[in-house]
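> okay, here's the prediction I keep looking at, along with the sequence it came from:
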Amino acid sequence: MARLMGLMAGHWPLDRALAARMEAWPGDVGPKGVSLPLRLAGGLHALKLLGVAPDLAAAYPPNEVPDAQLLAALRGAMLQHADFLDRWIDSAPQTNELGRSAVLIAAARWLAARHDLPLILSELGASAGLNLHFDRYALRVGGRDYGPANPVLALEPDWRGPDPAAAGIKVTDRAGADLNPLDPTDDEDALRLLAYLWPDQPERLARTRAALALPPAPVAQGDAIDWLRMRLAAPKPGHLHLIFHTIAWQYFPAETQARGQAMIEAAGMAATHDAPLAWLGMEADGHTPGAAVTLRLWPGDLHLSLGRACFHGRWVQWMPEPV
């Protein structure tokens, strides 16, 4: 992808109409804004996945071609499929990174070892809800699988630290919320999820295709905090309610964060040993490497660090604090 971006930048514009529209785009078009180059790259990959741009497919991984061939394929795709790409870049990038489920599996097993209760899952910023199925995936550490007997997929990050807890996970209710949820059963939404996984990362594509085959988890459209209020309204005895988000909370407006934190803390103060509440986050915290994995747990309002992880789950530094 770095090579593709460099080629396009060095030979821009590759066409006229699409380039003119992108150049006139208001505001910040970079990664801190609307990520317009990322949108274009996703649209080109979508054309390859659809099988409608054979020259592009011949120049994309796993094929290795000289710059001149790749550049010609890019130029041809932008000219021949200008209308498709013009519509594609109207929408923001969408991903549902399954590698983050490695952290969710480990944290849920830690909680199961401590509380031995079935889980109610509430995901904030759930996208297509693929990570809500983390109990159906396996985490492979040291040659051992932590997960169901017949997992839908297996995650094998570079694991640093102690092994995950041996306790099993039982989920009785799973749901999420997102401002713009994607439907895994919709062909266009599934294409968007796949297109933003790059063609030289076949393992991510394979994982996502496997997860897309599952019955979809319910993901509501709307403000995640307003939705969570209803989820917290009636605690269910004999269950642990796990609220979680992965690289999502940081994108919530400050007012939404403050409202959400106050609401979760109030629910935590009312939690009991028979109906505990956990708040798990995997988010950037201004430090490196990767993202911080944090947990708050009620009753008792424990603040725990569980370690750090790569934003895409390629590695996990698992270091749960003793309680």
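It's in. Residues are numbered from 1 along each chain as shown.

> residues contacting L197?
T95, R204, L205, T208 (C-beta atoms under 8 Å, 6 or more residues apart in numbering). Where C-beta positions appear, they are placed from N, C-alpha and C, glycine not excepted.

> please save the CA atoms from the helix or strand E255 falls within in PDB.
If you go by DSSP states H and E, E255 is part of helix 254-269. Presented in PDB, the C-alpha positions along helix 254-269 are these (Å, rounded to 0.1, in the frame of the first residue of the first chain):
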ATOM      1  CA  ALA A 254     -15.800  14.800  24.700                       C
ATOM      2  CA  GLU A 255     -19.400  15.400  25.800                       C
ATOM      3  CA  THR A 256     -20.400  11.800  24.800                       C
ATOM      4  CA  GLN A 257     -17.400  10.400  26.700                       C
ATOM      5  CA  ALA A 258     -18.200  12.400  29.800                       C
ATOM      6  CA  ARG A 259     -21.900  11.300  29.700                       C
ATOM      7  CA  GLY A 260     -20.900   7.700  29.100                       C
ATOM      8  CA  GLN A 261     -18.400   7.600  31.900                       C
ATOM      9  CA  ALA A 262     -20.800   9.100  34.400                       C
ATOM     10  CA  MET A 263     -23.500   6.600  33.400                       C
ATOM     11  CA  ILE A 264     -21.300   3.600  33.600                       C
ATOM     12  CA  GLU A 265     -19.900   4.700  36.900                       C
ATOM     13  CA  ALA A 266     -23.400   5.200  38.300                       C
ATOM     14  CA  ALA A 267     -24.300   1.700  37.100                       C
ATOM     15  CA  GLY A 268     -21.100   0.300  38.600                       C
ATOM     16  CA  MET A 269     -22.000   1.800  42.000                       C
END
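
> so what touches it?
Here helix 254-269 has contacts from 124, 223-225, 228-229, 232, 235, 243, 249, 252, 277, 279, 296, 298-299, 301, using C-beta under 8 Å, 6+ apart.

> what are the buried residues along it?
Neighbour-count burial for helix 254-269 flags T256, R259, G260, I264, A267, G268 (criterion: 16 or more other C-beta atoms under 10 Å).

> reformat those as CSV; add pLDDT and distance to D83.
Converted to CSV, the buried residues of helix 254-269 look like this (pLDDT from 0 to 100; distance: C-beta to C-beta, whole Å):
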residue, pLDDT, distance to D83
T256, 96, 36
R259, 98, 42
G260, 98, 40
I264, 98, 45
A267, 98, 49
G268, 98, 51
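
> can you list the residues you listed in a markdown table and add distance to Y196?
Below are those laid out as a markdown table (distance: C-beta to C-beta, whole Å):
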| residue | distance to Y196 |
| --- | --- |
| T256 | 24 |
| R259 | 30 |
| G260 | 26 |
| I264 | 30 |
| A267 | 34 |
| G268 | 35 |
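
> gap between the helix or strand harbouring I120 and the chain center?
Applying DSSP H and E as the criterion places I120 in strand 119-124. Centre-to-centre, strand 119-124 and its host chain are 15 Å apart (C-alpha atoms, centre = their mean, to the nearest Å).

> mean confidence for that strand?
Per-residue pLDDT over strand 119-124 has a mean of 98.

> and the angle for that strand with helix 254-269?
Counting by axes from the mean of the first three to the mean of the last three C-alpha atoms, to 10 degrees, strand 119-124 lies at 170 degrees to helix 254-269.

> tell me, how many residues neighbour L242?
Neighbours of L242 under the rule other C-beta atoms under 10 Å: 24.

> what sits against it?
Going by C-beta under 8 Å, 6+ apart, L242 touches A108, L111, L119, I120, L121, S122, A278, L280.

> if we go to 10 Å?
104, 107-108, 111, 119-123, 169, 171, 174, 276-280, 295, 297 (C-beta atoms under 10 Å, 6 or more residues apart in numbering).

> what sits closest to it if chain neighbours are left out?
A278 (4.8 Å; C-beta to C-beta, 6 or more residues apart in numbering).

> next SSE downstream of the one helix or strand the one you found maps to?
Element membership for A278 (DSSP H and E) is strand 277-283. Where DSSP H and E defines the elements, the next helix or strand beyond strand 277-283 is strand 291-298.

> partners of that next one in the sheet?
strand 277-283 (antiparallel), strand 302-309 (antiparallel) (DSSP bridges).
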